[in-house]
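> I would like to see how this sequence folds:
(one chain, ligands or ions: 2)
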Amino acid sequence: MEFSTMAEIDPAFIQAPEYRPKPKVIETDEIPVIDLSKDTKEVVLEIGEACKTWGFFQVINHGVPLELLSRIKKTSKEFFDLPMEEKKLAKRDEVNPLGYHDSEHTKNVRDWKEVFDFLAKDPTFVPASHEPDDTQLRTIRNQWPAHPPEFRDVCEEYAGEVEKLAYKMLELISLSLGLSGDRLHSCFKDQISFLRVNRYPACPFPELALGVGRHKDGGALTVLAQDEVGGLEVRRKSDGAWIPVKPVPDAFIINLGDATQVWSNDRYESPEHRVVVNSEKERFSIPFFFFPAHYVMLKPLEELVNEQNPARYREFNWGKFFVSRNRSDYKKQIDLAFIQAPEYRSKPKVIETDEIPVIDLSNDTKEVVMEIGEACKTWGFFQVINHGVPLELLSRIKKTSKEFFDLPMEEKKLAKIDEVIPMGYYDSEHTKNVRD
Ligand SMILES: O=C(O)CCC(=O)C(=O)O
Ligand SMILES: [Fe+2]
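Residues are numbered from 1 along each chain as shown. Ligands and ions are numbered 1, 2, ... in the order given. Below you'll find the predicted structure:
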């Protein structure tokens, strides 16, 4: 369904009450705005302070041509304004993860947005799977829409300019940690960075849905352009309040990601953020996710750990981490999602009992009714025998089901549930948000 024709909210968009945005807006300009044309020493100090306190700041005099910024905003709007059939020609799927997409989920709740994703480097190499022992790589490539005709050129030019700014920020952040400016450069030689053009349509239910649910970005840092509408909010560490990142004309927003948190051994954190939507105006934003090469092993930098401040993370492979995150994005879950919170895990010890009643339906109806009444009051659960369902049919369905589940996955997937037909095979059902 298109956002614009949605008269009632699809429950998939509804955030749990504690995550819904509050109508009251906290007016603040606390998030620092840093002028990159100032003396480097001063800029580095300001960046260090902003990284420690917020992990979020804005930069002005950043060197990205402003006319390019307006060209990408214009062509993006033209793309999203195309009819859905046209946009779907560049739709992402299980084979190609790049392109147009309108049903992204964050933590299992659908985001009120449509996006167009493209790689900074075409082609890009990523691990073929999240499996730790699988060393195979997969080549991913951009897919471009035919319309608007200049869309591809503008996007590619933009990627090149913003990449320069991303390197500049990496350098300044490294300096702010007392490292050499180029300390992390080699990690990006085969970067798997990508860009996303976001359109958040005006939403009739801004108190129920979010443009993007609360999350952290995964890579080194994100360089984000936003328009004048506003909606991005960052969670303040001191009290958990959601603080809006006010639009500053022509500025870029910089936020740190998980990789920087690990490198800095938690000196800097990857801040939680989200996007609220607006009942009157649509909003555009364009993040550049600056991601290391797939083979980079992430761990706290040696210069930043010592006996008093030991490493807080074990070394792990960035590429596998990236694929697991993306998998969760596409399939809505990662493996961790199978893990029940401790209070809901079944206890290994089994309580042996035969208290749940077994009721014989061939008995006298009066007696059966009494037994059922009792069982319903006490348990709401009971078993029935002599129920009239042919027993040989029961064994036939058990047998054929086992045969079905034993088939190769490719075969079962032919009958897989999809957005059109909700009946069929399915292997990632969730109960109370936890994968079964
Ligand atoms: O649109 C925005 O302002 C931010 C989007 C975002 O946080 C993301 O795509 O990761
Ligand atoms: Fe983000």
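
> Now the closest residue to E30 other than its chain neighbours: which helix or strand?
In this structure, E30 finds its nearest non-sequential neighbour in I243, 6.4 Å apart by Cβ to Cβ, 6 or more residues apart in numbering. C-beta coordinates here come from the backbone N, C-alpha and C atoms, glycine included. In this assignment (DSSP states H and E), I243 forms part of strand 242-244.

> Packing partners of that strand?
strand 232-235 (3 or more Cβ pairs under 8 Å, 6 or more residues apart in numbering; DSSP states H and E).

> quick one: strands adjacent to the strand it packs on?
strand 242-244 (antiparallel), strand 273-275 (antiparallel) (DSSP bridges).

> hmm, who's touching it?
Here strand 232-235 makes contact (Cβ atoms under 8 Å, 6 or more residues apart in numbering) with 21, 31, 54-56, 214, 224, 226, 241-245, 253, 255, 271-276, 285.

> Of those, just the buried ones, ChimeraX syntax please.
This is the ChimeraX syntax for the buried subset of the contacts of strand 232-235, where burial follows 16 or more other Cβ atoms under 10 Å:
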select :21,31,54,55,56,214,224,226,242,243,244,245,253,255,271,272,273,274,275,276,285
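
> near ligand 1 too, which of the contacts of strand 232-235?
Restricting the contacts of strand 232-235 to those near ligand 1 by Cβ under 6 Å from any ligand atom leaves L224, Q226, H273, V275, S285.

> What residues are bridge-paired with the residue nearest to the spatial centre of the chain?
Nearest residue to the geometric centre of the chain (Cα atoms, centre = their mean): T106, 4.5 Å. Here T106 sits in beta bridges with V109, going by DSSP bridges.

> That one is in contact with R214, isn't it?
Yes. Shown here, T106 and R214 form a contact pair, counting by Cβ atoms under 8 Å, at 7.4 Å.

> then stretch 52-72 to PDB, C-alphas only?
Extracted in PDB, the C-alpha atoms of stretch 52-72 (Å, rounded to 0.1, in the frame of the first residue of the first chain):
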ATOM      1  CA  LYS A  52      32.400  12.700  24.300                       C
ATOM      2  CA  THR A  53      29.200  14.400  25.200                       C
ATOM      3  CA  TRP A  54      26.900  13.700  22.200                       C
ATOM      4  CA  GLY A  55      28.500  11.600  19.500                       C
ATOM      5  CA  PHE A  56      26.600  14.000  17.300                       C
ATOM      6  CA  PHE A  57      27.400  17.400  15.900                       C
ATOM      7  CA  GLN A  58      26.900  19.500  12.800                       C
ATOM      8  CA  VAL A  59      29.600  21.000  10.600                       C
ATOM      9  CA  ILE A  60      29.600  24.100   8.500                       C
ATOM     10  CA  ASN A  61      32.200  25.300   5.900                       C
ATOM     11  CA  HIS A  62      32.600  21.600   5.100                       C
ATOM     12  CA  GLY A  63      33.800  21.900   1.500                       C
ATOM     13  CA  VAL A  64      30.900  20.000  -0.100                       C
ATOM     14  CA  PRO A  65      29.600  22.300  -2.900                       C
ATOM     15  CA  LEU A  66      26.200  23.700  -1.900                       C
ATOM     16  CA  GLU A  67      24.900  23.600  -5.400                       C
ATOM     17  CA  LEU A  68      25.500  19.800  -5.500                       C
ATOM     18  CA  LEU A  69      23.500  19.500  -2.300                       C
ATOM     19  CA  SER A  70      20.600  21.300  -3.900                       C
ATOM     20  CA  ARG A  71      20.900  19.200  -7.100                       C
ATOM     21  CA  ILE A  72      20.700  15.900  -5.100                       C
END
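
> can you give me how far it is from the chain middle?
23 Å (Cα atoms, centre = their mean, to the nearest Å).

> can you check stretch 198-206 too?
On Cα atoms, centre = their mean, the centre of stretch 198-206 falls 18 Å from the chain's centre.

> what's next to it, contact-wise?
3-4, 6, 9, 13, 21, 76-77, 80, 112-115, 209, 211-212, 231, 275-287.

> Just those residues: which are in helices?
Residues of the contacts of stretch 198-206 located in helices (DSSP state H): S76, K77, F80.

> Close to ligand 1: what parts of the protein are there?
Residues of the chain lying near ligand 1 (Cβ under 6 Å from any ligand atom): R196, N198, V212, D217, L224, Q226, L232, H273, V275, S285, P287.

> quick one: which of those is nearest N317?
D217 (18.2 Å; Cβ to Cβ).

> so how many other residues sit close to the closest one?
Neighbour count of D217, defined by other Cβ atoms under 10 Å: 23.

> which residues does it contact?
N255, L256, G257, D258, S270, P287, F289.

> Tell me, what's the model's pLDDT at it?
pLDDT recorded at D217 is 93.

> ok, now I14?
pLDDT at I14 comes out at 87.

> L361 versus G380, what's the distance?
Distance, G380 to L361, by Cβ to Cβ, to the nearest Å: 18 Å.

> quick one, which of those two is more surrounded?
Remark: of G380 and L361, L361 carries more neighbours, 13 against 7, as counted by other Cβ under 10 Å.

> where are the low-confidence patches of the stretch 1-150 of the chain?
1-2, 4-7, 23-29 (pLDDT under 70).

> So which elements touch the longest helix anywhere in the chain?
Identified as the longest helix of the chain according to DSSP H is helix 151-176. Contacts defined by 3+ Cβ pairs under 8 Å, 6+ apart place helix 151-176 against helix 40-53, helix 66-80, strand 194-200, strand 221-226, strand 252-256, strand 283-290.

> Restrict the shortest one to CA atoms and write it as CSV.
What follows is the C-alpha trace of strand 252-256 in CSV, where atoms were taken according to Å, rounded to 0.1, in the frame of the first residue of the first chain:
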residue,chain,number,x,y,z
PHE,A,252,26.1,18.3,7.6
ILE,A,253,25.3,16.3,10.6
ILE,A,254,28.1,13.9,11.8
ASN,A,255,27.3,11.0,14.1
LEU,A,256,29.6,8.3,15.4
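
> got a list of contacts for the helix or strand just after it?
Downstream of strand 252-256, the next assigned helix or strand under DSSP H and E is helix 258-263. Residues from elsewhere that reach helix 258-263 (Cβ under 8 Å, 6+ apart): 173, 184, 216-221, 268-270, 291-292, 298-301, 304, 313, 318, 321.
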